[in-house]
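In: Pasted the sequence and its predicted model underneath.
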Amino acid sequence: MIENPSTPPQTLTGRCMCGAVSYKISAPPVAVGLCHCDRCRPQAGSAFSTVMFVQRDAFEINGETAVFEDVGASGMKALRRYCPQCGSPLMTEADVTPTLFFVKAGGLDQTDWLRPTFEMFVSRRMPWVSALPGAAQFDGNPTL
Ligand SMILES: [Zn+2]
Ligand SMILES: [Zn+2]
């Protein structure tokens, strides 16, 4: 288990770029990390994505969303939810983790507490991106 070293607010909120979709997280995220996988990179349009592992029963989303039905690294179904208005990626709902959602941290309203403590799929990390000092490194999904 990778603990988050800094304390997040009791309730976290976030939204997509246009604001049509918002969400509320009513329990501290289980973990925060960087993902270098070959799904996060094209979806984020960047070198990696910052993801929070959030308990499903602590997550509430409002607004119309759309889903891209994908297959995760596990070989199991992974729904990638996004805002159909502005295209912002919001979260991944993977069958491999039935109690957790992977929520993109880029839309968070409160970010001062945010400290990624691990990196995953590090073998796919761009050669010009350095490892985060102190972050656990996983070549694939992390063991939580
Ligand atoms: Zn939007
Ligand atoms: Zn990823």
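Out: Perfect, thanks for sending it. Ligands and ions are numbered 1, 2, ... in the order given.

In: For A58, give me its contacts.
Out: Contacts of A58 were listed using Cβ atoms under 8 Å, 6 or more residues apart in numbering, and they are 25-27. C-beta here means a position set from N, CA and C on the backbone, and glycine is covered the same way.

In: scratch that, V21
Out: Contact analysis of V21 by Cβ under 8 Å, 6+ apart lists 15, 61-65, 83, 85, 88, 90.

In: Assess the claim that T111 and T50 are in contact.
Out: No: taking contacts as Cβ atoms under 8 Å, T111 lies outside contact range of T50: 9.6 Å.

In: residues bridging contact with these two, i.e. touching both?
Out: Shared contacts of T111 and T50 (Cβ under 8 Å, 6+ apart): A105.

In: hang on, the earlier thing: tell me which of the contacts of V21 is nearest to W128?
Out: Nearest to W128 out of the contacts of V21 is S88 (Cβ to Cβ; 25.2 Å).

In: hang on, the closest one packs against C18?
Out: Yes: S88 is within contact range of C18, at 7.4 Å (criterion: Cβ under 8 Å).

In: So which of the two has more stuff around it?
Out: In this view S88 and C18 are compared by other Cβ atoms under 10 Å, and S88 has more residues nearby, 20 against 13.

In: ok, and the closest non-adjacent residue to the more buried one?
Out: In space, and not counting its chain neighbours, S88 is closest to C16: 3.7 Å by Cβ to Cβ, 6 or more residues apart in numbering.

In: give me every residue that touches the one you found.
Out: 22, 63, 82-83, 85-86, 88, 90, 107.

In: Swap in 10 Å and give it another go.
Out: Neighbour list for C16: 22-23, 63, 65, 82-90, 104, 106-107 [criterion: Cβ atoms under 10 Å, 6 or more residues apart in numbering].

In: among the residues you listed, which two are most distant?
Out: Farthest apart among these by Cβ to Cβ are P84 and G106. That separation is 17.5 Å.

In: And the strands in the chain, which stretches?
Out: Applying DSSP state E to the chain gives strands spanning 12-15, 22-25, 31-35, 49-55, 59-62, 66-71, 77-82, 89-94, 100-104, 118-120, 136-138.
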